[in-house]
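In: missing the sequence, but the structure's below:
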């Protein structure tokens, strides 16, 4: 069954000539970007409020109505992909890399980040630290990253943008369709959304491969959520605040 065959008669609120489903997929993610400076991205309360507002927009627009439910058989792959992407995200800046491949680490710190100077000094504090904002807001930071933004991003990047690059009426494009140019562009843009752009590209390609492999947008959202959740646990356990 083609994933895009599941539709609804509900008004999506699209403008003239805009493909069905566009706003449903795009608005929650675009709102996340717009609210970032408005709610002070470095504020624990701002992050919590942004997470709640964007979760509300996602529920309001219901982009999932064009997709089947999560397939349980894809959860093991989601776990593997989620863990591997988290490992790839942390490894280049790890102590192990510093000891065993220092030149490679220096090269990564020089070209693998959008603002290399941002990592030149260790981050010793963050507004999300439990001792500064309290555990409820620290956990909101963790859950906002693992549940809200992970899901919103997957419906935007893999559900919408990748298929939109293949064909304007993106819902007509099966999730299992591989289009090399669109695949690479989507991975690059996803990477450039992050300060650590190089591992961001690898993450985008991994999630992109998974959605093509499984045709299951929810399984990829689970993988992304696992990555963000494990990364958040790593941050809280090691106080590696630079990753937050």
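Out: Now that the structure is in, tell me what you want to look at. The shown structure was predicted, so the numbers you read here are calculated from the model rather than taken from an experiment. Numbers count the residues shown, from 1 in each chain.
In: The helix or strand encompassing residue 106 - contacts with which helices or strands?
Out: Per DSSP states H and E: residue 106 is located in helix 102-111. In terms of contacts (3 or more CB pairs under 8 Å, 6 or more residues apart in numbering; DSSP states H and E), helix 102-111 is packed against helix 95-100. The C-beta positions use only the backbone N, C-alpha and C, and glycine is treated the same way.
In: elements contacting the helix it packs on?
Out: Secondary elements touching helix 95-100 (3+ CB pairs under 8 Å, 6+ apart): helix 102-111.
In: now the helix it packs on, how far from the chain's geometric center?
Out: Remark: helix 102-111 is offset 24 Å from the chain centroid, using CA atoms, centre = their mean, to the nearest Å.
In: I'd say residue 78 and residue 220 touch.
Out: Yes - taking CB atoms under 8 Å as the definition, residue 78 is a contact partner of residue 220 at 7.2 Å.
In: Which residue of those two possesses the greater neighbour count?
Out: Between residue 78 and residue 220, counting by other CB atoms under 10 Å, residue 220 is the more crowded of the two (33 against 25).
In: Now do the contacts for the more buried one.
Out: 78, 81, 154, 158, 207, 210-211, 214 (CB atoms under 8 Å, 6 or more residues apart in numbering).
In: Run a quick neighbour tally on the closest residue to it other than its chain neighbours.
Out: With sequence-adjacent residues excluded and distances taken as CB to CB, 6 or more residues apart in numbering, residue 220 is closest to residue 211, at 4.6 Å. Residue 211 has 24 neighbours, counted by other CB under 10 Å.
In: mind checking how far residue 211 is from residue 27?
Out: According to CB to CB, to the nearest Å, residue 211 and residue 27 sit 20 Å apart.
In: Who are the contact partners of residue 158?
Out: By CB under 8 Å, 6+ apart, the residues touching residue 158 are 175, 186, 207-208, 211, 217, 220.
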